[in-house]
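[1] Predicted model, plus sequence, below.
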Amino acid sequence: GEDVEQSLFLSVREGDSSVINCTYTDSSSTYLYWYKQEPGAGLQLLTYIFSNMDMKQDQRLTVLLNKKDKHLSLRIADTQTGDSAIYFCAEMRGQNFVFGPGTRLSVLP
Amino acid sequence: GAVVSQHPSWVICKSGTSVKIECRSLDFQATTMFWYRQFPKQSLMLMATSNEGSKATYEQGVEKDKFLINHASLTLSTLTVTSAHPEDSSFYICSATYIRNTEAFFGQGTRLTVV
């Protein structure tokens, strides 16, 4: 299909790691992105990965890319309550961004 | 990083009136701006793409006469919802990018409520 897919919900305990998964569709996408949206706010770019990379780490965030399976994941280490939000993966098709449905991350104390 | 400012953050209007939403790139020149609509608990739906100085390209199913987009300068794009109806109530988000850039920078969104 043409959709970017994500699981819709994830709950973790504070201090644990969170792993949010995404499946994209366009094998020619050169960049893949993770955005965070807090309630009532716009989107904040967390990180992105170039398609010729397998992994990218940025402080508590680790992005893994499996290009063969078109699978992207975002790992958040030591998850905090402030990480509660909706996380969108996105791929760039041409000049447009195509977003997944978003994963709502709930961090439990 | 680059900053995109969207105004207003929220607006309530009566049915039949028009509402204008502004999207400004504050510290860069935006060659392309995007307008999205987001329904509650759903992802972003691209409405249209606008390049400075040219007509916007609308996605299939988006009424160009209802959602007027103007990208008159490299730092400003506007979305006007004409003859608003309650079903137009939604969260509208703009984003902007510049040539050869790989990132899109998002505004904070505008919550439109039509009563």
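    Thanks, I have the structure now.
[2] Surely A:G100 touches A:L74?
    No: in this structure, A:G100 is not within contact of A:L74 by Cβ atoms under 8 Å, at 11.2 Å. Backbone N, C-alpha and C define where each C-beta goes, glycine included.
[3] Common neighbours of these two, please.
    A:22, A:89 (Cβ atoms under 8 Å, 6 or more residues apart in numbering or on different chains).
[4] quick one, which of the two is more surrounded?
    The neighbour count for A:G100 versus A:L74, taken as other Cβ atoms under 10 Å in any protein chain shown, is higher for A:G100 (26 against 23).
[5] ok, and what's touching the helix or strand of chain A with the lowest mean pLDDT?
    Using mean pLDDT, DSSP states H and E, the weakest-scoring helix or strand in chain A turns out to be strand A:96-99, at a mean of 82. Under the contact criterion Cβ under 8 Å, 6+ apart, strand A:96-99 has outside partners A:4, A:26, A:33, A:35, A:88-92, B:34, B:43-44, B:46, B:49, B:95, B:104.
[6] Report the beta-bridge partner residues of A:L61.
    For A:L61, the beta-bridge partners under DSSP bridges are A:D58, A:I76.
[7] Report how many residues lie close to it.
    By other Cβ under 10 Å, the residues close to A:L61 number 14.
[8] Where do the helices of chain A begin and end?
    Shown for chain A, no helices are assigned by DSSP state H.
[9] Quick one: the strands in it, in order.
    Taking DSSP state E as the test, the strands found in chain A are A:5-6, A:9-13, A:18-23, A:31-37, A:43-50, A:55-58, A:61-66, A:71-76, A:85-93, A:96-99, A:103-108.
[10] Nearest to B:K66, out of these?
    strand A:96-99 (20.9 Å; Cβ to Cβ).
[11] which parts of the closest one are buried?
    Buried residues in strand A:96-99, defined by neighbour count with 16 or more other Cβ atoms under 10 Å in any protein chain shown: A:97-99.
[12] same check, this time on stretch A:76-91
    Within stretch A:76-91, the residues that count as buried by 16+ other Cβ under 10 Å are A:76, A:79, A:83-91.
[13] hmm, back to that, can you pick the most crowded of the contacts of strand A:96-99?
    Ranked by the number of neighbours (other Cβ under 10 Å), the contacts of strand A:96-99 place B:L44 first, at 29 neighbours.
[14] I figured that residue was touching A:C89, is that so?
    No: with contact defined as Cβ under 8 Å, B:L44 does not count as touching A:C89 (11.9 Å).
[15] Show the contacting residues for the residue nearest the centre of chain B.
    The centre of chain B sits closest to B:W35, judged by Cα atoms, centre = their mean, with a distance of 3.6 Å. B:W35 sits next to B:23, B:46-48, B:50, B:67, B:69, B:77, B:79, B:92-94 when contact means Cβ under 8 Å, 6+ apart.
[16] how about 6 Å then?
    By Cβ atoms under 6 Å, 6 or more residues apart in numbering or on different chains, the residues touching B:W35 are B:47-48, B:79, B:94.
[17] Tabulate these (JSON lines), appending distance to B:K14.
    JSON lines is the format used below for these (distance: Cβ to Cβ, whole Å):
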{"residue": "B:M47", "distance to B:K14": "22"}
{"residue": "B:A48", "distance to B:K14": "25"}
{"residue": "B:L79", "distance to B:K14": "18"}
{"residue": "B:C94", "distance to B:K14": "24"}
